[in-house]
Every structure is written in structure tokens, then in C-alpha cells.
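S.K.: here is a sequence together with a model predicted from it:
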Amino acid sequence: MDNTLFDFVAAKKHACREVARSLGRDDGEALFSCFLNSQHGFESHENIKEYFTICGLLETASCISKIESPVDLLKPRMWSSKAEPRFGLLENCSPRQIPDAHDDGREINLPGGCSLSPEECSTQPSHPGVNREGYTNLLADRSLYCNEVFSRCCAIYEAEKVRVLSPYPGARETLAELKRRGFPLAIVTDAINGNALARLRKVGLAEYFDYIISFDMTGAKKPAPDAFFLALKKLGTLPSETLLVGDSLRRDIAPAQALGMITAYAKYGDRNVRGRDPPNCRPDFVLGDIRELAELVWFSRQSRLGHPAREDFSSTPPDELPE
């Protein structure tokens, strides 16, 4: 689904940049690399935690404290081994490393456009001028890890990667034409069902699909055949009469061919940067644009299989193709 219907990798890179920016950093590519090379999975939030570790934002805590506000970060008296564990301070950091005020009486400037005088630091339990943005930035500036910052970064990541999604040009028209011709359509994805549906709704393509076969329905990710078997069962079709369109030779095309399905490689959407494609995988068809799919379906139906891959299909408008 992802990268065949829309550029999901570009959306993920954007989301990673936004997460890094929220922490006052400009290394979004480092976070994306954590997702790309992950042992946790391409969508796991554990990748964000790994990024925290690489950047020094998450370390083994030697001091634990309950912190009620940004001001409390400046109060040594708040630190207690008996306090409720919520925040982890960098290893070997002592409470005295967090200044309670400048020795010369100057105000302490906090993120978010507010400042505290020495008196406020020493006497006030909280400060209403410290906003949520200042709170988060202060925690990041002190290289502290807390569940709130982590949760906020996960929320930013999830929201941004969906917000910027848009379908490839011609995707809606192509799917609408296939539905008009009576073809049942199914999605096979490694995403969980809720995430897959959210993306399809965001790009306006959910209405064209009869079934969404997601990871949580089979418990197996591609290239395992489980999801493909379930899709065939839901569609009620044989492999030899089913066309699989995918942007990965290794995860889409090769397993579909092993089952005897017709395959169309969506070359336009392949974002494989690790070079792990199977060397002998040769799809039945090659698509340079999603708008070529309507012609491919007509060509495949008329030719009854067995045709070599083609790098280019003529861009005949779908409404000009014969029935």
C-alpha cells in the first residue's frame, strides 16, 4: 500500500524532521535512519527511543525525582530518592548540577519566553508563565528523559506523517476506473488496520477498496505468504487470475510470484535504499506511473498472461480504453 498509492517515505522523513525540531535539533535524518535500520519494525515507536539514546537524551538514570513544573528542575530540594519515579536524569548527574539561580542575582531565562528571578526559583512551587512548550524544551535542554517528552514526540510523529500524505497524481481516477469496470480491490499491508485505514482516508482512497489485509489480521509481515493467502480468500479469486501491484520486489513481487499471481512492479514507488532485492525476480509488468495501471489491467485481461515485463505503457486515458 505505502509508496504504491502515495509517497509514505517522504511523509516519514517529514515527520522525523518535525520530531527533531520539537527537541530543538536539526538531525531528523538520524531519526529516520533509526526507523530504516530498525530491529523493532519500520513503524515502532521504539525507534524514537533509540534516537533519544543516540542523541544522549535517554540514559540510565542514577537520580529519580518527581517534577511538577519546569521551575522544579531548578530546585535541588525537590530531589529525593523516595520521590515517585517519573523522570530519569543523565547518569552521574547530581542535583547540584541543576542551578537554582545565578550567583550574581541575574534572572534565569527559560524557553517559552519567560524568566525567573532568584526569589521565584527559591520560593515558588510553580510558575504560571512557563508554558508547555517551555516545559518540553527545558527538559530537552537539560538532556532529561521523561515519559511526557517521549509521548509528545510519538504523537508528533504519528500526526505529521499522516498530515502531509497525498495520493500520487491520477491515483483516484485510476482506482475509480478499476471499480467502474467491476474489479474487486484489496490492500495488503504490514501496517496495523487502524493506521492503514487512517492513511487511506487521508488521501481519499479508502472507498475504492473492498478489503484491507493488515498485519494484525495475520500476525505475519511480508514477504511471508499469510497476508496474500488471506487476500485471495477474501477476494474469492485464484492466484492465476489475481494481479498484485507492489513497490517492493522482495516483499511484494517475489512472494506473489511464488503463489502464482500476476505481478506488476510499481517502480515509481520503490524507495529501497538498502539494495536487498532478489536478483532473479522478474515481474510480469513494470509500471512507471500509477496511471498506467488501468491500461495494464486491460492488456493483461486481453492477453491472458505470459507477456514479458514492459518498462513503459502508453498513457492512454482510462475512458478511452475498450471495455
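M.R.: Yep, it's here. Residues are numbered from 1 along each chain as shown.
S.K.: from here on, contacts and neighbour counts on C-alpha atoms
M.R.: Will do.
S.K.: quick check: residue 227 vs residue 265, distance?
M.R.: Distance, residue 227 to residue 265, by CA to CA, to the nearest Å: 18 Å.
S.K.: again with residue 155
M.R.: With distances taken as CA to CA, residue 155 is found 33 Å from residue 265.
S.K.: more crowded one of those two?
M.R.: Under the criterion of other CA atoms under 10 Å, the comparison of residue 155 against residue 265 puts residue 265 first, with 25 against 13.
S.K.: each with direction, which strands does the helix or strand containing that one pair with?
M.R.: Using DSSP states H and E, the element containing residue 265 is strand 262-266. Next to strand 262-266 in the sheet, as set by DSSP bridges, lie strand 243-246 (parallel), strand 285-287 (parallel).
S.K.: with mean pLDDT, distance to residue 272 and mean neighbour count added, can I get those in a markdown table?
M.R.: Rendered in a markdown table, the data for those read as follows (pLDDT from 0 to 100; distance: least, CA to CA, whole Å; neighbours: other CA atoms under 10 Å):
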| stretch | mean pLDDT | distance to residue 272 | mean neighbour count |
| --- | --- | --- | --- |
| strand 243-246 | 96 | 12 | 22 |
| strand 285-287 | 95 | 16 | 23 |
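S.K.: include distance to residue 185 when you put those into a markdown table, please.
M.R.: Listed next are the strands paired with strand 262-266 as a markdown table, based on distance: least, CA to CA, whole Å:
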| stretch | distance to residue 185 |
| --- | --- |
| strand 243-246 | 10 |
| strand 285-287 | 18 |
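S.K.: so which of these comes closest to residue 184?
M.R.: Distances from residue 184 to each of those were compared using CA to CA; the minimum, 10.8 Å, belongs to strand 243-246.
S.K.: re the thing from before, mind checking which of the strands paired with strand 262-266 is nearest residue 219?
M.R.: Closest to residue 219 of these, according to CA to CA: strand 243-246, at 20.0 Å.
S.K.: re earlier: I'd like the average pLDDT over the strand holding residue 265.
M.R.: Taken as a whole, strand 262-266 carries a mean pLDDT of 96.
S.K.: which residue sits closest to residue 12, ignoring its sequence neighbours?
M.R.: The spatial neighbour of residue 12 that comes closest, neighbours along the chain excluded (CA to CA, 6 or more residues apart in numbering), is residue 161 at 5.2 Å.
S.K.: pretty sure the one you found sits against residue 18.
M.R.: No: with contact defined as CA atoms under 8 Å, residue 161 does not count as touching residue 18 (9.5 Å).
S.K.: surely residue 210 meets residue 184?
M.R.: Yes: if you go by CA under 8 Å, residue 210 and residue 184 touch, sitting 6.5 Å apart.
S.K.: shaky segments in the stretch 151-300 of the chain?
M.R.: Low-confidence segments of the stretch 151-300 of the chain, defined by pLDDT under 70, are located at 273-277, 279, 299-300.
S.K.: can you give me the helices for it?
M.R.: When assigned using DSSP state H, counting those that start in this stretch, the helices of the stretch 151-300 of the chain occupy the ranges 171-180, 193-202, 215-218, 226-235, 254-258, 293-303.
S.K.: neighbours of the nearest residue to residue 16 once chain neighbours are set aside, how many?
M.R.: With sequence-adjacent residues excluded and distances taken as CA to CA, 6+ apart, residue 16 is closest to residue 28, at 4.9 Å. Other residues within reach of residue 28, judged by other CA under 10 Å, total 19.
S.K.: give me the pLDDT for residue 28.
M.R.: Per the predicted model, pLDDT is 96 at residue 28.
S.K.: and if you look at residue 39?
M.R.: As predicted, residue 39 sits at a pLDDT of 83.
S.K.: surely residue 267 is in contact with residue 288?
M.R.: Yes: contact status for residue 267 versus residue 288: in contact at 5.7 Å, counting by CA under 8 Å.
S.K.: for residue 166, what are its contacts?
M.R.: Going by CA atoms under 8 Å, 6 or more residues apart in numbering, residue 166 touches 6-7, 202-203.
S.K.: can you map out the strands along this protein?
M.R.: Ranges of strands within the chain are 64-65, 87-88, 108-110, 114-116, 145-146, 186-188, 211-213, 243-246, 262-266, 285-287, based on DSSP state E.
S.K.: for the residue lying closest to residue 221 once chain neighbours are set aside, give me phi and psi.
M.R.: Using CA to CA, 6+ apart and skipping residues adjacent in sequence, the residue nearest residue 221 is residue 190, 5.5 Å away. For residue 190, the backbone dihedrals are phi -90, psi 0 (criterion: degrees, to the nearest 10).
S.K.: so for stretch 34-49, what gets flagged as buried?
M.R.: Within stretch 34-49, the residues that qualify as buried by neighbour count (16 or more other CA atoms under 10 Å) are 34-36, 42-43, 45-49.
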